[in-house]
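Participant: Generate coordinates for the sequence data below:
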Amino acid sequence: MTRIVSLTPSRIDRDTRTFKEAASFARHGMESVVVEAVASEAQPRGMPFRLHRIGPAGDAAAAAADDDGGSTAPPGPWGRVSRPARGVANRALRVPLTAGRYLAAGRAAAASLPAADVYWLHGYHQLPQAWLAARRHRAALVYDAHDFYPEVIEGGEATAIERRAMRAFYLGVERSCARAASEIVTVSDGVAGLIFERTGRQPTVIRNCAELRDLPDDGPDVRTAAGVGPEDFLVVMPGNHKVGMRAVDEAVEAFAGLPDAAHLAFVGSGYAGVVERAARLGLGSRVHALAPVPAEQVPTFIRSADAAAVLYVPTSRNIEHALPNGFFSAIAAGLPVLWPARLREIARLAEEHDLGLPIEPLEPTSIAAGVRALLDDAGRLRSLRANVERARAVLNWEAEERRLMGVVARVMNGRG
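Facilitator: As a prediction, this is how the structure comes out:
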């Protein structure tokens, strides 16, 4: 039986892509194992794959580096050096020590990885352990890039010089991923193009569409959780708050100019400040911050809303070409979407399937106009709902799974 070991630098209960892919491997008769670098609260029992935990690794190794520049002088002659001199020496060694500890953590983790036919690497972070394990077990390596990492990677060290040096180091690790992998997989055509420009390798695109086959028929819903009546118009925005990436304040401001029947619900973490802002604008009863729900339950939870808003702003090419989970959750829920006109990948799909209305998230008047257009035109709303329902037939995980299994087949044929 083919064994695929998926490595995530996150925790499996927060990494929906790794979860869906690992479940797909198991569904197609493979032995599927997921290795978490950060232990989650997920219960292994009942999962479609085996969960293997080895503790923090990868970038977490950088956190082990000394932070005060002078408290970790080694014994011997160093003990006779003045504290300021030790501080200078430690600062000079901080970057190589951090890089060395990162690589050492990867080497130690490699010894704990289960044997596999394919190591499926979700991001560049755990390359050292995956590469070493692949060599030991003569396995293939697949690089699944969730982002265009050169626009995401930061150095994380104390000074500007150290940050630049560590960023260059991690960029080198990421580039090595692309070189070492048998196949590269990523999340959108746009991100695939950026990876090709950088590496000369063309990734296979597997989008983060929602899984529709196991959606529950009932359960908690956003309208009830927010206390919004059936006569009110509810717009939902699923996803955790990420400062600088989403136009959350602008959305709240937009609802200040809309009728009292218009409500906005955020589903995710980090929205306490949003609620406070809404209260200051007199919108305390119309803007709702709801707790996160498990990713696989989001489509069922939000489908009682009237529409969804995608509020990302293109602060980088990575975001410009993003296809976030919230967008696909809205489609899975059958909701018309207010979508950001400057996010190219979303715009292409939204226009192709006529899924909703374009907005400029940084302009409250644009958001308000989009909501009002749906609120005032019941016929248009019904038409868009029908379009979204048709789009669900092709924008779903079952369709993406076929591409995924094509990658597996190529990798296994290459090993043969």
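
Participant: tell me how far the ends of stretch 253-268 are from each other?
Facilitator: 19 Å (Cα to Cα, to the nearest Å).

Participant: Can you mark which positions in it are buried?
Facilitator: Within stretch 253-268, the residues that count as buried by 16 or more other Cβ atoms under 10 Å are 253-255, 258, 262-268. For glycine as for every other residue, the C-beta is placed from the backbone atoms N, C-alpha and C.

Participant: hey, where'd the strands end up in the stretch 301-416 of the chain?
Facilitator: For the stretch 301-416 of the chain, the strands defined by DSSP state E, counting those that start in this stretch cover 307-309, 337-340, 356-359.

Participant: Hmm, Val185 is touching Ile206, no?
Facilitator: Yes. If you go by Cβ atoms under 8 Å, Val185 and Ile206 touch, sitting 5.5 Å apart.

Participant: Could you pull out the residues contacting both of those two?
Facilitator: Common neighbours of Val185 and Ile206, counting by Cβ atoms under 8 Å, 6 or more residues apart in numbering, are 404, 407.

Participant: sorry, back to before: pick the one among the buried residues of stretch 253-268 closest to Arg107.
Facilitator: Set against Arg107, the nearest of the buried residues of stretch 253-268 by Cβ to Cβ is Gly268 (36.7 Å).

Participant: what's the closest non-adjacent residue to the closest one?
Facilitator: Nearest residue to Gly268, sequence neighbours excluded (Cβ to Cβ, 6 or more residues apart in numbering): Asn240, at 4.1 Å.

Participant: Please list all residues in contact with that neighbour.
Facilitator: Asn240 neighbours (Cβ under 8 Å, 6+ apart): 268-270, 292.

Participant: ok, and the most crowded of those?
Facilitator: Gly268 (18 neighbours; other Cβ atoms under 10 Å).

Participant: distance of it from Val310?
Facilitator: Using Cβ to Cβ, to the nearest Å, one obtains 13 Å as the distance from Gly268 to Val310.

Participant: With Leu323 instead?
Facilitator: Here the criterion is Cβ to Cβ. By it, Leu323 lies 10 Å from Val310.

Participant: which residues are common contacts for these two?
Facilitator: Among the neighbours of Leu323, those also in contact with Val310 (Cβ under 8 Å, 6+ apart) are Ile346.

Participant: those strands in this structure, which residues are they?
Facilitator: 3-8, 31-36, 50-53, 118-122, 140-145, 183-186, 204-205, 233-238, 262-267, 287-290, 307-309, 337-340, 356-359 (DSSP state E).

Participant: how about the residue nearest to Arg410 when sequence neighbours are not counted, what does it touch?
Facilitator: Nearest residue to Arg410 in three dimensions, chain neighbours excluded: Glu183, at 6.4 Å (Cβ to Cβ, 6+ apart). By Cβ under 8 Å, 6+ apart, the contact list for Glu183 reads 140, 142-143, 203-204, 407, 410-411.

Participant: between those, which is closest to Glu211?
Facilitator: Here the nearest of these to Glu211, counting by Cβ to Cβ, is Val407; it sits at 18.0 Å.

Participant: residues near the closest one, how many?
Facilitator: 21.

Participant: looking at it, it is touching Val142, isn't it?
Facilitator: Yes. Assessed by Cβ under 8 Å, Val407 is found in contact with Val142 at 6.8 Å.
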